[in-house]
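S.K.: Generate coordinates for the sequence data below:
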Amino acid sequence: MKIGLCGTMSVGKTTLVKALAELDLFKKYKIATERSKYLKDLGIPLNTDSTVNGQIVFLAERASELLHKDIITDRTIWDVSAFTMLAKSIDSGFKSSLVNTAMTLKDQYDIVFYIDPVGTNMEDNGVRETDLEYRANVNQEILRLLTLHPPKKMIVLSGSTGDRINTILDSIF
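M.R.: Model prediction:
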């Protein structure tokens, strides 16, 4: 099964994927988590500074994850597309092209879990953008893209990590 977690920054996607990886049910799964620090260290601008090259790299990562039979990833094509749409240095023609290309992959996800940011505090990991308005804009764009290009199956997650795990398990098994 190909499972994607989707949502704006600092909502607990990586924390949740790592918690799921500890469960026996997911031991055979490929676990894909955020590589922002690694990518930033390579010189790939992140967040509001994103570039065409950076967004192509991010989309390529998502596409490569979908080559695995069983995977849980803390980023999806909707996340990449939202950041692309909000990037200041990317022209509108490329934005549309990347989103259209990304969405050709949407049906490869068996289930997408969107994480609602309500009640989740913004944390500074030293890499991500910490501007609350930008975070809200990313969330709004993700929701817009999920509406325009819905996955085969989507479940909204909220609450604690334990609550989220229970919802995921109830949704899958």
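S.K.: any low-confidence regions in the chain?
M.R.: 34-49, 121-130 (pLDDT under 70).
S.K.: what about the strands in the chain?
M.R.: 2-6, 30-32, 71-73, 111-115, 154-157 (DSSP state E).
S.K.: Return the most buried member of those strands.
M.R.: Ranked by mean neighbour count, the strands of the chain are led by strand 2-6 with a mean of 25 (mean count of other C-beta atoms under 10 Å). Using the backbone N, CA and C atoms, a C-beta is placed for each residue, glycine as well.
S.K.: Residues contacting that strand, please?
M.R.: 13, 16-17, 29, 65-66, 68-79, 108-115, 142, 146, 151, 157, 168, 172 (C-beta atoms under 8 Å, 6 or more residues apart in numbering).
S.K.: Show me those residues that map onto helices.
M.R.: Counting by DSSP state H, those place 13, 16-17, 65, 77-79, 142, 146, 168, 172 in helices.
S.K.: Of these, grab the buried ones for ChimeraX.
M.R.: Command for ChimeraX that selects the buried part of the ones in helices among the contacts of strand 2-6, burial taken from 16 or more other C-beta atoms under 10 Å:
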select :13,16,17,65,77,78,79,142,146,168
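S.K.: which residue is nearest the centroid of the chain?
M.R.: In the chain, the centroid-proximal residue (C-alpha atoms, centre = their mean) is residue 75; its distance is 2.5 Å.
S.K.: Does that residue touch residue 61 like I think?
M.R.: Yes: Residue 75 lies in contact with residue 61 (C-beta atoms under 8 Å); the separation is 7.4 Å.
S.K.: Now the common contact residues for the two.
M.R.: With C-beta under 8 Å, 6+ apart, residue 75 and residue 61 have common neighbours residue 32.
S.K.: rewinding a little: export the ones in helices among the contacts of strand 2-6 as JSON lines, with columns for distance to residue 85.
M.R.: Converted to JSON lines, the ones in helices among the contacts of strand 2-6 look like this (distance: C-beta to C-beta, whole Å):
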{"residue": "13", "distance to residue 85": "19"}
{"residue": "16", "distance to residue 85": "24"}
{"residue": "17", "distance to residue 85": "24"}
{"residue": "65", "distance to residue 85": "21"}
{"residue": "77", "distance to residue 85": "12"}
{"residue": "78", "distance to residue 85": "10"}
{"residue": "79", "distance to residue 85": "11"}
{"residue": "142", "distance to residue 85": "10"}
{"residue": "146", "distance to residue 85": "13"}
{"residue": "168", "distance to residue 85": "27"}
{"residue": "172", "distance to residue 85": "30"}
